[in-house]
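Chemist: Okay, here's the prediction I keep looking at, along with the sequence it came from:
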Amino acid sequence: MVKKTSYDKGKQNESDSWSVMRRHGYARPTPEQRRNIVAAYAKLGKEIKAKGFDLIRKEDIATINNVATLTKKVESIKIYELKTAGKKRKSLVKENWSGLGFTLTSSEKHNAEVLGDNFKFLFLNLKNNALHECKLEDFFFSGAANTYPTWSVFITKGLTN
(Lines give C-alpha, C1' and ligand atoms only; values in the text may rest on other atoms or scores of the structure.)
Protein backbone atom coordinates (compact mmCIF):
# COMPACT_ATOMS: atom_id res chain seq x y z
CA MET A 1 0.00 0.00 0.00
CA VAL A 2 1.30 3.45 -0.94
CA LYS A 3 1.40 5.97 1.87
CA LYS A 4 -0.53 9.14 1.06
CA THR A 5 1.36 12.42 1.16
CA SER A 6 0.04 15.54 2.89
CA TYR A 7 -0.82 16.89 -0.56
CA ASP A 8 -2.85 13.73 -1.37
CA LYS A 9 -4.66 13.89 1.97
CA GLY A 10 -5.44 17.56 1.42
CA LYS A 11 -6.87 16.85 -2.03
CA GLN A 12 -9.00 14.00 -0.61
CA ASN A 13 -10.34 16.28 2.15
CA GLU A 14 -11.09 18.94 -0.45
CA SER A 15 -12.99 16.42 -2.56
CA ASP A 16 -14.93 15.12 0.46
CA SER A 17 -15.89 18.65 1.43
CA TRP A 18 -17.69 19.63 -1.81
CA SER A 19 -20.82 17.56 -1.15
CA VAL A 20 -21.04 18.93 2.39
CA MET A 21 -20.70 22.48 1.11
CA ARG A 22 -23.41 21.94 -1.53
CA ARG A 23 -25.78 20.88 1.26
CA HIS A 24 -24.88 24.14 3.07
CA GLY A 25 -25.83 26.19 0.00
CA TYR A 26 -22.43 26.83 -1.61
CA ALA A 27 -21.25 26.16 -5.16
CA ARG A 28 -17.88 25.96 -6.91
CA PRO A 29 -17.64 28.44 -9.77
CA THR A 30 -16.46 27.09 -13.11
CA PRO A 31 -13.26 28.50 -14.66
CA GLU A 32 -15.37 30.76 -16.87
CA GLN A 33 -17.40 32.00 -13.90
CA ARG A 34 -14.15 32.71 -12.03
CA ARG A 35 -12.92 34.77 -14.99
CA ASN A 36 -16.24 36.66 -14.94
CA ILE A 37 -15.80 37.52 -11.26
CA VAL A 38 -12.21 38.66 -11.84
CA ALA A 39 -13.31 40.78 -14.85
CA ALA A 40 -16.21 42.37 -12.97
CA TYR A 41 -13.95 43.42 -10.09
CA ALA A 42 -11.35 44.70 -12.57
CA LYS A 43 -13.99 47.04 -14.02
CA LEU A 44 -14.33 48.44 -10.49
CA GLY A 45 -10.56 48.89 -10.20
CA LYS A 46 -10.03 45.88 -7.93
CA GLU A 47 -7.57 43.20 -9.00
CA ILE A 48 -8.36 39.79 -7.56
CA LYS A 49 -6.85 36.37 -8.20
CA ALA A 50 -8.98 33.65 -9.83
CA LYS A 51 -7.17 30.93 -7.89
CA GLY A 52 -7.62 32.71 -4.57
CA PHE A 53 -11.15 31.50 -3.75
CA ASP A 54 -13.21 28.32 -3.83
CA LEU A 55 -16.91 28.99 -3.42
CA ILE A 56 -19.86 31.31 -3.83
CA ARG A 57 -23.46 31.01 -2.59
CA LYS A 58 -25.67 28.87 -4.88
CA GLU A 59 -28.12 31.74 -5.32
CA ASP A 60 -25.36 33.82 -6.97
CA ILE A 61 -24.66 31.33 -9.79
CA ALA A 62 -27.07 32.94 -12.28
CA THR A 63 -25.57 36.39 -11.63
CA ILE A 64 -21.98 35.35 -12.29
CA ASN A 65 -22.79 33.82 -15.67
CA ASN A 66 -23.15 37.26 -17.28
CA VAL A 67 -20.32 39.82 -16.90
CA ALA A 68 -22.58 42.84 -17.56
CA THR A 69 -25.08 41.77 -14.88
CA LEU A 70 -22.29 40.70 -12.56
CA THR A 71 -20.51 44.07 -12.84
CA LYS A 72 -23.62 45.79 -11.48
CA LYS A 73 -24.05 43.32 -8.62
CA VAL A 74 -20.54 42.05 -7.88
CA GLU A 75 -20.13 44.00 -4.66
CA SER A 76 -23.20 42.28 -3.22
CA ILE A 77 -21.69 38.83 -3.82
CA LYS A 78 -19.38 37.23 -1.29
CA ILE A 79 -16.67 34.82 -2.35
CA TYR A 80 -15.31 32.17 -0.01
CA GLU A 81 -12.13 30.22 0.61
CA LEU A 82 -12.68 26.79 2.16
CA LYS A 83 -10.28 25.30 4.72
CA THR A 84 -11.02 21.73 5.74
CA ALA A 85 -10.07 19.56 8.70
CA GLY A 86 -10.24 15.95 7.49
CA LYS A 87 -12.24 13.06 8.93
CA LYS A 88 -9.08 11.08 9.69
CA ARG A 89 -7.22 13.99 11.25
CA LYS A 90 -5.02 12.82 14.13
CA SER A 91 -5.02 16.04 16.17
CA LEU A 92 -8.22 17.40 17.65
CA VAL A 93 -9.87 20.54 16.29
CA LYS A 94 -11.88 21.99 19.16
CA GLU A 95 -15.35 23.54 18.88
CA ASN A 96 -13.73 27.00 18.93
CA TRP A 97 -11.50 25.87 16.01
CA SER A 98 -8.27 25.92 18.01
CA GLY A 99 -6.05 23.17 16.67
CA LEU A 100 -6.91 23.88 13.01
CA GLY A 101 -3.89 24.39 10.79
CA PHE A 102 -3.95 25.20 7.09
CA THR A 103 -2.06 26.83 4.25
CA LEU A 104 -3.01 30.39 3.36
CA THR A 105 -1.84 31.23 -0.15
CA SER A 106 -0.74 34.67 -1.25
CA SER A 107 -3.73 34.75 -3.66
CA GLU A 108 -6.20 34.01 -0.87
CA LYS A 109 -4.65 36.62 1.42
CA HIS A 110 -4.57 39.16 -1.43
CA ASN A 111 -8.25 38.61 -2.24
CA ALA A 112 -9.22 38.88 1.43
CA GLU A 113 -7.35 42.18 1.75
CA VAL A 114 -8.72 43.64 -1.50
CA LEU A 115 -12.33 42.57 -0.98
CA GLY A 116 -12.70 43.02 2.78
CA ASP A 117 -16.20 41.99 3.87
CA ASN A 118 -16.93 40.46 0.45
CA PHE A 119 -14.35 37.71 1.08
CA LYS A 120 -14.85 35.13 3.81
CA PHE A 121 -13.09 32.00 4.98
CA LEU A 122 -15.11 28.88 5.69
CA PHE A 123 -13.69 26.35 8.12
CA LEU A 124 -15.17 22.86 7.76
CA ASN A 125 -14.51 19.99 10.13
CA LEU A 126 -15.36 16.74 8.31
CA LYS A 127 -15.39 14.75 11.57
CA ASN A 128 -18.56 16.49 12.73
CA ASN A 129 -19.52 18.67 9.69
CA ALA A 130 -19.11 21.82 11.82
CA LEU A 131 -18.84 24.94 9.69
CA HIS A 132 -17.57 28.40 10.66
CA GLU A 133 -17.42 31.59 8.59
CA CYS A 134 -14.85 34.25 9.40
CA LYS A 135 -12.74 37.08 8.00
CA LEU A 136 -8.97 37.15 7.59
CA GLU A 137 -8.70 39.55 10.53
CA ASP A 138 -10.42 37.06 12.82
CA PHE A 139 -7.40 34.77 12.79
CA PHE A 140 -4.49 36.35 10.93
CA PHE A 141 -3.96 39.67 12.69
CA SER A 142 -5.83 39.03 15.93
CA GLY A 143 -3.20 36.97 17.74
CA ALA A 144 -5.51 33.93 17.54
CA ALA A 145 -3.08 32.04 15.29
CA ASN A 146 0.60 31.44 14.84
CA THR A 147 1.71 32.15 11.28
CA TYR A 148 4.80 30.89 9.51
CA PRO A 149 5.91 32.23 6.13
CA THR A 150 6.38 29.37 3.67
CA TRP A 151 6.39 28.69 -0.05
CA SER A 152 4.26 25.92 -1.51
CA VAL A 153 5.99 24.32 -4.47
CA PHE A 154 4.40 21.91 -6.92
CA ILE A 155 6.71 20.84 -9.74
CA THR A 156 4.74 20.58 -12.98
CA LYS A 157 7.52 19.77 -15.46
CA GLY A 158 10.14 17.08 -15.23
CA LEU A 159 13.47 18.04 -13.74
CA THR A 160 15.38 15.23 -15.42
CA ASN A 161 15.51 13.95 -18.99
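Modeler: Cool, got the structure.
Chemist: where in the chain is pLDDT low?
Modeler: 1-13, 161 (pLDDT under 70).
Chemist: can you pull out the helices in it?
Modeler: Assigned helices in the chain, in chain order: 6-23, 31-43, 61-64, 67-73, 106-115, 136-139 (criterion: DSSP state H).
Chemist: could you redo those as a markdown table and give each row mean neighbour count?
Modeler: C-betas here are computed from N, CA, C, even on glycine. Output for the helices of the chain, formatted as a markdown table (neighbours: other CB atoms under 10 Å):
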| stretch | mean neighbour count |
| --- | --- |
| helix 6-23 | 14 |
| helix 31-43 | 17 |
| helix 61-64 | 17 |
| helix 67-73 | 14 |
| helix 106-115 | 18 |
| helix 136-139 | 16 |
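Chemist: Same list (those helices) but as TSV, adding distance to residue 94.
Modeler: Below are the helices of the chain laid out as TSV (distance: least, CB to CB, whole Å):
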stretch	distance to residue 94
helix 6-23	18
helix 31-43	33
helix 61-64	34
helix 67-73	38
helix 106-115	23
helix 136-139	14
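Chemist: What's the local residue count around residue 50?
Modeler: Neighbour count of residue 50, defined by other CB atoms under 10 Å: 16.
Chemist: Skipping adjacent residues, who's closest to it in space?
Modeler: Closest residue in space to residue 50, ignoring its immediate chain neighbours: residue 34 at 4.4 Å, by CB to CB, 6 or more residues apart in numbering.
Chemist: Check residue 67 too.
Modeler: Nearest to residue 67 is residue 36, by CB to CB, 6+ apart, at 5.0 Å.
Chemist: Would you enumerate the residues in contact with residue 150?
Modeler: residue 103 (CB atoms under 8 Å, 6 or more residues apart in numbering).
Chemist: Next, find the distance separating it from residue 23.
Modeler: To residue 23, residue 150 is 32 Å away according to CB to CB, to the nearest Å.
Chemist: go on, residue 92?
Modeler: 24 Å.
Chemist: now do residue 91
Modeler: In terms of CB to CB, residue 91 sits 26 Å off from residue 23.
Chemist: Residue 139 now?
Modeler: 25 Å.
Chemist: hang on, the earlier thing: my guess is the residue nearest to residue 50 contacts residue 48, does it?
Modeler: No - Residue 34 lies out of contact with residue 48 (CB atoms under 8 Å); the separation is 9.7 Å.
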